[in-house]
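Student: 3D model of this:
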Amino acid sequence: MEKFFKLQENHTNVRTEVIAGITTFMTMAYILAVNPNILSASGMDPTAILIATCLASFIGTLCMAFMANYPFVLAPGMGLNAYFAFTVCGTYGYSWKVALGAVLVEGLVFIILSLTNVREAIFNAIPTTLKHGVSTGIGLFVAFIGMQGAHIVVNSDSTLLTYVSFKNTIHQEGICAILAIIGVLIIAVLYTKGVMGSILIGILSTWILGMICQAIGIYIPDVENGFYSLYPSLGITDFTKIGETFGAAITGFTDGSFSNVGIFNFVTIVFSFLFVDIFDTLGTLIGCSEKAGFLDKEGKLPNIKGALLADAVATTAGAVLGTSTTTTYVESSAGVGAGGRTGLTAVVTGFLFLIAILFAPVFTAIPGFATAPALMFVGFLMLSSFQKIDFADYRESVPAYLAIITMPLCYSISEGIAFGIIAYVVINTVCNFIMKDKRKVTPLMYILAVLFVCKYIFL
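Tutor: Below is the predicted model of the structure:
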């Protein structure tokens, strides 16, 4: 392992990598429950989706480990799965086989783009200051996701969002929020003391406290409203179900599923998957790499081609297995925060996803409020990039600011990158005409800005 993963060179060890891998898995385990729930709305079998989710995550994550030696983990992306189920299959009324076919084509296009350096060129074209902004924005986005998962932040008719009513919802949302806050404090104290695995300990401690609260009657399950029992349960997975989705992305082209889908409509669907995925992935790589210290002085990521190729292979494999676009997960930052620095972290997480096929009911019992403290604390760790932004240079800092604020408020990494790139190109192009201080804006940045504008106009 030392020879292959270069642990000493990356200032880490096996124990740290294993803990980081477990930590990442714990923060991502919710996908085992959420992805089948969302994609089943398209008519797919939930058990088949669960198996496909685990296998696609395993394949993609191991590709990341061995192709790039980075501690980044892949799984079916949130948002992309909702677009798959509710827009392509729901609003458009197409078969889920059509949606899987679009994801398969997207993955193949991604493989070509990764081999031809197009995605690498896009990554390198983004200015360093904007990358700092992206990393900071992802930190806020991750923290926001955690606060929602803990029910600290809830919907409000008057103010859009507000904090939970602790008193009125003490047996469900209220106690979940309190336990999550306690979890954050546990992680903060342990992290300050330098305790190894503090984030993982925080997750487990919060979960155990939750089970104690359920045992004494403070937490009362309410299945209809999404508050399930906190006790893990054992169950048997029906492996034959995978046959219902395996290969459907290919057979759909010959069994008549595409009979009512025009070529233009199909290309539009593929492009939508492609566009969101490419910038979600780039944003995640920027944010996690920034935090881990992987970026060089020019803001480039060494061996990025391997990372991007792993992402492309994962999407293709996931489509064949029967799940929506598989992408690099922002929760990888939890493992990075726990000390993960090599592909060994990814290997550990990947095998946990494989094992999860057998013990899915146990892993899906990990409540959102238990993983929320990890996400909230990792968000804090990622804010360190904020201090690297020169706010006296408005031409650099304003685009970074727009990227930062857009990600949590628009609930999208790719939208944050879009706003940042458009602002960077417009501000610097105009200033180049009216100021003596000329700044070079690369042709690729102009192309990206135009593409983003076209996206908002036509998609």
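
Student: residues touching the closest residue in space to S412 that isn't next to it in sequence, list them.
Tutor: Using CB to CB, 6 or more residues apart in numbering and skipping the chain neighbours, the partner closest in space to S412 is G79 (6.8 Å). Placement of C-beta: from N, CA and C, glycine included. With contacts defined as CB atoms under 8 Å, 6 or more residues apart in numbering, G79 is in contact with V276, D280, Y411, S412.

Student: can you tell me how far G79 sits from Y401?
Tutor: Noted for G79: a distance of 23 Å to Y401, by CB to CB, to the nearest Å.

Student: thinking again about what came up before, which pLDDT value goes with the residue nearest to S412?
Tutor: Looking at G79, its pLDDT reads 70.

Student: center of this structure, which residue is that?
Tutor: By CA atoms, centre = their mean, the mean C-alpha position of the chain lies nearest to Y329, the distance being 3.0 Å.

Student: what about T192, neighbour count?
Tutor: When neighbours are counted by other CB atoms under 10 Å, T192 registers 9.

Student: what do you get for the one 3 residues further on?
Tutor: The burial metric for V195, expressed as a neighbour count using other CB under 10 Å, is 13.

Student: swap in Q387?
Tutor: 9.

Student: Pretty sure it sits in a strand.
Tutor: No. With DSSP: H, G, I helix; E, B strand; the rest coil as the criterion, Q387 is assigned helix and is not in a strand.

Student: in the lengthiest helix in the chain, what's buried?
Tutor: Counting residues, the longest helix found in the chain (DSSP state H) is helix 263-292. For helix 263-292, a neighbour-count test (16 or more other CB atoms under 10 Å) marks 265-266, 269-292 as buried.

Student: any idea which helix or strand comes after that helix?
Tutor: Sequence order places helix 304-321 as the next helix or strand after helix 263-292, per DSSP states H and E.

Student: I'd like to know which elements that next one is packed against.
Tutor: For helix 304-321, the elements it packs on are helix 46-68, strand 74-76, helix 96-115, helix 118-125, helix 248-251, helix 263-292, strand 326-328, judged by 3 or more CB pairs under 8 Å, 6 or more residues apart in numbering; DSSP states H and E.

Student: got TSV for the ones you listed, with mean pLDDT and distance to E17 too?
Tutor: Formatted as TSV, the helices and strands packed on helix 304-321 follow (pLDDT from 0 to 100; distance: least, CB to CB, whole Å):
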stretch	mean pLDDT	distance to E17
helix 46-68	94	10
strand 74-76	93	17
helix 96-115	93	26
helix 118-125	83	25
helix 248-251	92	34
helix 263-292	82	12
strand 326-328	92	18
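
Student: quick check: angle from the longest helix of the chain to helix 118-125?
Tutor: Compare the direction of helix 263-292 with that of helix 118-125 by axes from the mean of the first three to the mean of the last three CA atoms, to 10 degrees and you get 50 degrees.

Student: Now for this protein, the helix or strand with the poorest mean pLDDT.
Tutor: In the chain, the helix or strand scored least confidently by mean pLDDT, DSSP states H and E is helix 360-363, which has a mean of 69.

Student: how far does the following helix or strand past that one sit from the chain's center?
Tutor: Where DSSP H and E defines the elements, the next helix or strand beyond helix 360-363 is helix 368-382. Put simply, helix 368-382 sits 14 Å off its chain's centre (CA atoms, centre = their mean, to the nearest Å).
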